[in-house]
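Enquirer: Quick one, structure for this:
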Amino acid sequence: MHADESLDQATEELTEQPVKGDDQDIAVQIEQLMSEKEIAEATVEEHWDRILRMQAEQENQHKRSQREIEKAHKYGIDKFVAELLPVKDSLEMGLAAAVEESAESVKIREGMELTLKMLADVFEKFGIEAVNPEGEKFDPEHHQAMSMQENSELEPNTVIAVMQKGYLLNDRLIRPAMVLVSKAAE
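Expert: Below is the predicted model of the structure:
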């Protein structure tokens, strides 16, 4: 260590210099220097230990943070999944009811409507919004044109039909709506 070398060098220099005074004064000065050297070494050791502990704590904090981030990525959708499970259960019960010989189409339709309402409620709760742009102006940011069709009744670039709805998650596009777009008649 650098501090130890400096103290050793200072001690050597003092012992090599001709000293004025009696041997007792010299012995007191050397003892005092040795005492100061020991105090300095203890202080250096204490600071070094503190630095090592701080580095270890920093590494541990980093590892904890990494584990927390991994957990968040892995289990971040657990509430969403818990909300979807009853929807899946309802679909399975509806399918089982439809297979029965005495199945009535009215009851099956009602069950499907209720299940779809449950799913829409889950979507709303988690910020999932359907993009159904029929009759609106074509927006390439939210729509994907599958085809264009001549139409004299509508303005060009108007969505005539939606083949598949798009979805936003908290105003961020997850899937664009697949649409049929009007073009001017030739």
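Enquirer: so what's residue 128 bridging to?
Expert: Judged by DSSP bridges, the bridge partners of residue 128 are residue 169.
Enquirer: Provide the contact partners of the helix or strand hosting residue 88 at residue level.
Expert: Here residue 88, judged by DSSP states H and E, is contained in helix 78-99. Counting by C-beta atoms under 8 Å, 6 or more residues apart in numbering, the neighbours of helix 78-99 from elsewhere in the structure are 103, 107, 108, 111, 112, 114, 115, 118, 119, 122, 125, 126. Yep, even glycine has a C-beta here, placed from its N, CA and C like the rest.
Enquirer: cutoff 7 Å now
Expert: Surrounding helix 78-99, the residues in contact under the criterion C-beta atoms under 7 Å, 6 or more residues apart in numbering are 103, 108, 111, 112, 114, 115, 118, 119, 122, 125, 126.
Enquirer: So which of the residues you listed belong to helices?
Expert: Applying DSSP state H to the contacts of helix 78-99, the entries found in helices are 108, 111, 112, 114, 115, 118, 119, 122, 125.
Enquirer: Let me know the closest of those to residue 42.
Expert: residue 125 (62.3 Å; C-beta to C-beta).
Enquirer: roughly how far apart are the closest one and residue 37?
Expert: Distance from residue 125 to residue 37, counting by C-beta to C-beta, to the nearest Å: 70 Å.
Enquirer: domains of this protein?
Expert: 2-75, 77-126, 128-186 (automatic domain parsing).
Enquirer: Mean pLDDT added to those domains, as TSV?
Expert: Formatted as TSV, these follow (pLDDT from 0 to 100):
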stretch	mean pLDDT
domain 2-75	84
domain 77-126	87
domain 128-186	93
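Enquirer: hey, which of the ones you listed is tucked in deepest?
Expert: Using mean count of other C-beta atoms under 10 Å, the stretch among those with the greatest mean number of neighbours is domain 128-186 (a mean of 15).
Enquirer: check contacts around the residue nearest to residue 132 when sequence neighbours are not counted.
Expert: Using C-beta to C-beta, 6 or more residues apart in numbering and skipping residues adjacent in sequence, the residue nearest residue 132 is residue 165, 5.1 Å away. Listed by C-beta under 7 Å, 6+ apart, the contact partners of residue 165 are 130, 131, 132, 177.
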